[in-house]
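Asker: I would like the atomic coordinates for the input below:
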Amino acid sequence: MNTTTMKDLFEDSRDRLGIGQMTGKSGLMREINRVKAQRYIEREGFWNRLLPEAIFIITPACLSELASTPAKKREDILQNIISSHIPCLAIAETGSPPDFLVYFSEVNNIPFFTSVYDEFLLESRLIALLREKINHIVLIHG
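Answerer: Numbers count the residues shown, from 1 in each chain. Purely as a prediction, here's the structure:
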């Protein structure tokens, strides 16, 4: 099975992913071997059904929910991210991440980045980039 590191994934991809800020640099050596990205969907029980080993895209709605969630429940949610082996967090449509996510990223060696793109475009570009880096497949629209 082919793998790539998060560092290799992001190499030369700042513009393509609309990356603003990146943190959790110690987690950039994490390997990723799945062409999976999952974005937040407002649904009961969502946090208990995270796709394992998929890059997780945090939407503006998700960011609002996390920011307003009581600390204990937020800790449970963040623990689900850790136990699902999420290799990276991507925050859509934002330039500056909240302090609790910066801290979470650094303590748990889970890199994250902010992107100017909305969650749909970001998800599409991430999946295409993962295909290129892991499966060595490039799709060209005719």
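Asker: could you list every residue that touches the residue nearest to the spatial centre of the chain?
Answerer: Nearest to the mean C-alpha position of the chain, by C-alpha atoms, centre = their mean, lies residue 89 at 2.4 Å. Contact analysis of residue 89 by C-beta atoms under 8 Å, 6 or more residues apart in numbering lists 55, 56, 57, 58, 81, 101, 105, 110, 111, 112, 113. Yep, even glycine has a C-beta here, placed from its N, CA and C like the rest.
Asker: try it again with 7 Å
Answerer: Residue 89 is in contact with 56, 58, 105, 110, 112, counting by C-beta atoms under 7 Å, 6 or more residues apart in numbering.
Asker: Among these, name the ones in strands.
Answerer: With DSSP state E as the criterion, strands contain 56, 58, 112 from among these.
Asker: Tell me the one of those residues nearest residue 29?
Answerer: residue 112 (15.0 Å; C-beta to C-beta).
Asker: Once you drop chain neighbours, what's closest to the closest one?
Answerer: Leaving out its chain neighbours, the residue that sits closest to residue 112 by C-beta to C-beta, 6 or more residues apart in numbering is residue 89, at 3.6 Å.
Asker: Need phi/psi at the one you found.
Answerer: The phi/psi pair for residue 89 (degrees, to the nearest 10) reads phi -110, psi 140.
Asker: Check residue 42 too.
Answerer: According to degrees, to the nearest 10, residue 42 has phi -70, psi 100.
Asker: List the residues that contact it.
Answerer: residue 61.
Asker: mind checking how far it is from residue 62?
Answerer: Applying C-beta to C-beta, to the nearest Å, the value for residue 42 to residue 62 is 8 Å.
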